[in-house]
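Visitor: here's my sequence, what's the structure:
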Amino acid sequence: QQQQQQQERAGSSDSETSDWRESDVAGERQMPSFKIRQAAMLCAQAVIQCGEKSAIFGYWQSFIPNRPQSNDGPRNLLHALLQDPSPRGRIGAIGVLTELLGGSKQFMAAASEGAARMAFTSHASLLGAMLRNIHLAVAEFIRLESVPKVLTQGLKCISLLVSSTPYRRLNPGYIPQLVKLITPLLDSKDFDVRVAVLTCSGAIFEAPLLADELATWVFPPVADSAQPESTSTAAPPDGGAAAVGVADPAAASGPHCLLDYVLVAAVAPAQPVVVKVEAMQALCKLTEAHPSAALPVLSRIMTMAKTCATDSEGNLRLHAAKVFGAIGKLLADDGINGGAASADRAASFWKDLLGETLPALLEDELPLVRVAACDCTSVIGEQPYMQLPLEVQYHCQSTLLGLTRDDVTSVRAAASRAVGVLVLYKGPRDDDLYVMDVANALLETMSDKSLPTRVRGSWALGNLCDALVLKQQTQDGYDIPTALIVRLVDAALNAARDSDKVRPNSMRALGGLSRSLTANFSATEEGRGVALSIIASLCSNLGAGPVKNRWNAAHAFGTLLSNPNVPFGEDATAADAVVQLLAVIETSSNFKVRINAASAFAVPTDRRKFGSPALLGRVVATLVAALDTIDSMEDFAEYKYQATLQEQLSLTLFHVLHLADPAHDLTEVSQAVSLRREVVDAAMALVLTAQSEPAAAMAEDDTAPERAVHRYFSKAAAVCGADGPSLHVLPPILASVPRIADTIGDDRASSPHDTTASFSHAGSK
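Guide: Numbers count the residues shown, from 1 in each chain. I've put the predicted structure just below:
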């Protein structure tokens, strides 16, 4: 026995047992079987790590009971967690539980409690019972555990449990119990325990809590109350919550208010940096997960973040910038929904932040801090930005432009994205010199060797091209310099041959640039070559690459066709583009791509864009065939876009028929619909029936299908135009559809220019 004890002592270093309870160590020596239990736990961990989560989930009942625990019941993982005399045995049980919880959130989402009693126990109730037992066990574990290393691992496991549990489907009370137990642990002398408590606090801040639990146990009951005052100047050596003078935060601002503990931990001078960083991460999660609850305490969070932004520790400055970004995004979302008061609050926040704090972070010596500051700047929003003083705007713009040429690739990427956001704001967009500077900076970014930088640069380039279009539309007589257009087109064409992550944004840029081509430039040989290069690039990306790339290419075609200056439909390149768009409408498995391809044909207002009568007839035939096969889909996930696709195909069909010339296109168009006349009949009957419904009756029920069809008809009527030229084309095309053809013919004879009246009369017949 003495030899066995020496071997066990030799296998364990002093550092491993110095902070463990002596009784636990003695228990280990008296029970050699702890090694067997520990090996079993390690084996279970290895099996769970290697197995599929869906398969392992079927064995949960072997580890976790679904009935109330009892000492006389069968042993399970929770017994080991609470009753194993060895600290290493309890750590092993925590490890197994952590592996079970990891990656199982999607399976646990079905759990529920409080359902009505049934003749059988549902799967959801079994999951709810297991989660209840886990919560009861970890709560008892926190009460009993005294070994810091074991407690730290247990708190990390609890964080994962909180992140994975669907609390809205369970009975209330789990979070308050955990908050009551973990908040006193911020007084622990072990800073690893304090870090784990703050990690758990961040998980609680992210959890989908009930309103009363959120208000009572996480936030102070008084909105935006003053910061807790310090009651002592000297900090005890342990650096806990008492070190900063908050002996009883619960008594100061509500029962066990978790937010006060976290705010105190973030700014306490005696706290280690890692504790402060974890506290700031928890506050970021708070503002992102519960914006409405965080708004009343934003001033306290802001004050804490500004204190950390001037700290000498770079990691604190980094997370302060991230907190600023989270607050800015929260205020931007609140400004959209909250009206003028929320907008003024956002403007006041950014005016204060851009005074000194954020500019200092943009010029920080640490690259990660500069990256976070650039990301923070990109969430300002146009309305707050335009309320800033001009000198503050100019300083922000010039600083970001300088950072696009930073030595660090991540900083260049973040600055390019921020510049791409600012260039869409009205003030910077109207500044011609700033737009030119942004274009030159992004042209350099697009030739960067770093792929992440080019990805961000391509996104900003797309925004710049959108800004140029807006600038051209809002400023009368403004023409984009030809040299700049040529350089931007070359950069976008090169990006269209780049990585799959760059190409989608290059399609967006090419669409915007095609819309910016002026009549004088398009008339030149150089302008014609630029237009044909854009069309060829869009065609090559329309049927290749990721779905987002094809979606953007189809959308860019619509933007291109909206420019009457583009020589589309006059040569073989344009005909090839039409054929490729038709192939997408007919064969693409992704309905969103088909929707954008169909909408492209609804843009042109000139019959010549569709080329020859044979090509126009092919367009009509493809649209009718697509309507006929709209119920065929490879992926059922596309079903939610089916109605939108049907609406867009019908609108496009109306538009193309509106442009058709009866003198030249009648034969081709009639042949195109002759084989599927019932499809056109059904589409037209649907529109006519909807228009015959009284508008007042449909207004009573805003969700009625008839109201949606009525909106559909209104769009179709708007596309056809007030003079109703399509009425001259449809009767001979639909000659074999007596009901609709006769109706349209009669109405045309009585009032050839009253489109709405003719359709209403047809619907009533």
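Visitor: and the closest residue to Val486 other than its chain neighbours, how many neighbours?
Guide: Leaving aside its sequence neighbours, Val486 sits nearest to Val530 (Cβ to Cβ, 6 or more residues apart in numbering; 6.6 Å). Every residue, glycine included, has its C-beta placed from N, CA and C. Neighbour count of Val530, defined by other Cβ atoms under 10 Å: 23.
Visitor: for the helix or strand containing Val530, packing partners?
Guide: Val530 belongs to helix 525-542 when assigned by DSSP states H and E. Helix 525-542 sits against helix 482-495, helix 503-515, helix 519-523, helix 547-561, helix 572-587, with contacts defined as 3 or more Cβ pairs under 8 Å, 6 or more residues apart in numbering; DSSP states H and E.
Visitor: can you give me the angle that helix makes with helix 482-495?
Guide: In terms of direction (axes from the mean of the first three to the mean of the last three Cα atoms, to 10 degrees), helix 525-542 departs from helix 482-495 by 20 degrees.
Visitor: before we move on, the earlier item: and the helices and strands packed on helix 525-542: which comes nearest Thr377?
Guide: Thr377 lies closest, by Cβ to Cβ, to one member of the helices and strands packed on helix 525-542: helix 503-515, at 20.1 Å.
Visitor: touching, Leu443 and Ala492? I think so.
Guide: No: the pair Leu443 and Ala492 does not pass the contact test of Cβ atoms under 8 Å, sitting 10.3 Å apart.
Visitor: more neighbours: those two, which one.
Guide: Higher neighbour count among Leu443 and Ala492: Ala492, with 27 against 17, using other Cβ under 10 Å.
Visitor: wait, doesn't that one sit right on Ser506?
Guide: Yes: counting by Cβ under 8 Å, Ser506 is a contact partner of Ala492 at 4.9 Å.
Visitor: list residues touching both of those two?
Guide: Each of Leu461 lies in contact with both Ala492 and Ser506 under the rule Cβ atoms under 8 Å, 6 or more residues apart in numbering.
Visitor: how close does the residue sitting nearest the centre point of the chain get to Ala282?
Guide: Geometric centre of the chain, nearest residue: Glu288, 12.1 Å, by Cα atoms, centre = their mean. Glu288 sits 11 Å away from Ala282, going by Cβ to Cβ, to the nearest Å.
Visitor: what do you get for Ser533?
Guide: 52 Å.
Visitor: kindly report the same for Leu155.
Guide: 13 Å.
Visitor: repeat for Glu444
Guide: Counting by Cβ to Cβ - Glu444 and Ala282 are separated by 39 Å.
Visitor: and the two? which has more neighbours close in?
Guide: Ala282 (26 against 15).
Visitor: what about the helices in the stretch 51-200 of the chain?
Guide: When secondary structure is read from DSSP state H, counting those that start in this stretch, the stretch 51-200 of the chain shows helices at 53-57, 60-63, 77-83, 87-101, 105-108, 123-144, 148-164, 174-182, 191-206.
Visitor: tell me what the first one is packed against?
Guide: It stands for helix 53-57. helix 105-108.
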